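Trainee: Based on what follows, work out the 3D shape:
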Amino acid sequence: MIGDLDAGSTYATTASLGTSAPLNVGTAANNVVQLDGTAKLPAVDGSLLTGISTGVFSDVFSATNSGNQSIPSGAWTVVTFDTENVDQGNNFASNKFTAPSAGTYMFYTSYHALHASGSGTDQRLALNHYNSSNVQQDGLTVSKTTVHEAAQNGMRCFFMAANDYVNVQLYQASGSAKDLERCQFFGWKIA
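Mentor: Residues are numbered from 1 along each chain as shown. Sure, this is the predicted structure:
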């Protein structure tokens, strides 16, 4: 019994296992795994492990834009991402991430410069969650009205149904189009 264990005791014997078969120590099937001389577990083939969830921290993607994108004044504009750095499951396309299954997803976006800075410039960055019918479900908007630094970022967790999607949008009201540079967008399924 577990409660009977004490230092120096050995309970893994053929008799304690209720069999007269030999007790095999090793990392193969039907073996008892034993700590090595440094009290560490030996390498075990991970494909033999069971009960491990693969749905957590899955569907990872990361996208960036390689050049400047013109953002008009006074209108929300979807950010274009032309470089996929990671796209586990191929769920990022057409500047948006589409959920392959229902669950909770974490998203992050940031940009280096919008070149719309100046006193009184209205500058907004949004992560928007839409359902499969293109109806907005939720969103996070980060706003600045007096811009001293060009960068903005935002992070948001959304519960999404299968085929819902998230994109990044920008708004600026400087009075003329401004260039967006070095924007990134990434996310993953957390549950």
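Trainee: Who are the contact partners of Leu170?
Mentor: 71, 76-77, 79, 111, 114, 123-126, 180 (C-beta atoms under 8 Å, 6 or more residues apart in numbering). Backbone N, C-alpha and C define where each C-beta goes, glycine included.
Trainee: Show me which of those are buried.
Mentor: Buried members of the contacts of Leu170, counted by 16 or more other C-beta atoms under 10 Å: 71, 77, 79, 111, 114, 123-126, 180.
Trainee: Columns distance to Lys96 and secondary structure on top of those, output as TSV?
Mentor: Converted to TSV, the buried ones among the contacts of Leu170 look like this (distance: C-beta to C-beta, whole Å; DSSP: H, G, I helix; E, B strand; the rest coil):
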residue	distance to Lys96	secondary structure
Ile71	17	strand
Thr77	14	strand
Val79	10	coil
Tyr111	17	strand
Leu114	20	coil
Gln123	22	strand
Arg124	18	strand
Leu125	16	strand
Ala126	13	strand
Leu180	17	strand
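Trainee: Name the member of those residues with the shortest distance to Gln88.
Mentor: For the buried ones among the contacts of Leu170, the residue nearest Gln88 by C-beta to C-beta is Val79; the value is 21.0 Å.
Trainee: So that closest one is in contact with Glu181, correct?
Mentor: No: using C-beta atoms under 8 Å, Val79 is not in contact with Glu181, being 11.1 Å away.
Trainee: any residues in contact with both of those two?
Mentor: Counting by C-beta under 8 Å, 6+ apart, the contacts common to Val79 and Glu181 are 65, 69, 111.
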